[in-house]
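> need coordinates for the below:
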Amino acid sequence: MPQVEAVRNRASLRRCQQLTRRASLIATLLLVMSATEVHAQGWYLMIPPLLEGGRLSLDAPLSTWTQLQAFDSVGRCESERTLWGMFARAKDDAGVEAAAHHFLFSNGPPPAMRPDQWEAAKQHAQSVARVQAEYLRKNPDVARQVMQAQCVSVADPRLVPRK
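Sure, this is the predicted structure:
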């Protein structure tokens, strides 16, 4: 009888090992799938390549475009794309002021601040807007690139270089 019990114990052990391997495989697959899903939610703000003579290559493969920034949501990417467009179009103080306002409020209302903190935040936003607008005014080719920026999912197959 001890031999029969030993055979039963080995069979039970094998069954337990199979179930453990299967559970481990399922857990690994779930982790990989959830990691892929989280990764696929990212977004890139991309600008087209600039050719000699300042021409934009809008029909260039997306894999050759330049990643300007990365975001966790399409909404944040589109908001930043709007902001860059505002910087590029800001030709006067009113344009810089509008870009600074968008810079402050693009992620929703700012947290509660003391008046001096709010004033510092406004001054910082205006400084950023002024510097970016001035840079883009002095570099019209880059301004045209920014105006053609696109938000692209990190999972977009067009980002993979062609072979």
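> contacts for stretch 88-98, please.
Applying CB atoms under 8 Å, 6 or more residues apart in numbering, the contact partners of stretch 88-98 are 86, 99, 126, 129-130, 133, 136-137, 143-144, 146-147. The C-beta positions use only the backbone N, C-alpha and C, and glycine is treated the same way.
> same deal with stretch 49-66?
Here stretch 49-66 has contacts from 46-48, 140-142, 144-145, 148, 150, 152, 156, 158-162, using CB under 8 Å, 6+ apart.
> show me what the helix or strand encompassing Q117 is packed against.
Using DSSP states H and E, the element containing Q117 is helix 115-138. Contacts defined by 3 or more CB pairs under 8 Å, 6 or more residues apart in numbering; DSSP states H and E place helix 115-138 against helix 74-89, helix 93-105, helix 140-147.
> and that helix, how far out from the chain middle?
Put simply, helix 115-138 sits 23 Å off its chain's centre (CA atoms, centre = their mean, to the nearest Å).
> are any of the contacts of stretch 49-66 buried, and which?
Buried subset of those (neighbour count, 16 or more other CB atoms under 10 Å): 46-48, 144-145, 150, 152, 159.
> what bits of the chain have low per-residue confidence?
Residue ranges of the chain with pLDDT under 70: 1-40.
> how is it partitioned into domains?
Listed by automatic domain parsing, the domain ranges of the chain are 1-39, 43-159.
> so which of the ones you listed is the most packed in?
With neighbours defined as mean count of other CB atoms under 10 Å, the domains of the chain peak in mean count at domain 43-159, which reaches a mean of 15.
> thinking again about what came up before, now the contacts of stretch 88-98 as a markdown table including distance to G75?
Shown next, in a markdown table, are the contacts of stretch 88-98 (distance: CB to CB, whole Å):
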| residue | distance to G75 |
| --- | --- |
| M86 | 17 |
| A99 | 18 |
| Q126 | 24 |
| A129 | 21 |
| R130 | 26 |
| A133 | 24 |
| L136 | 24 |
| R137 | 28 |
| A143 | 24 |
| R144 | 25 |
| V146 | 19 |
| M147 | 20 |
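> which pair of those spans the longest distance?
Greatest spatial distance in those: Q126 and R144, 24.5 Å, computed using CB to CB.
> just the angle between the helix holding Q117 and helix 140-147, please?
Helix 115-138 and helix 140-147 are oriented at 120 degrees to each other (axes from the mean of the first three to the mean of the last three CA atoms, to 10 degrees).
> contacts for helix 115-138, please.
84, 86-88, 90-91, 95-97, 99-101, 103-104, 110, 113, 142-143, 146.
> kind regards, and thank you for your time.
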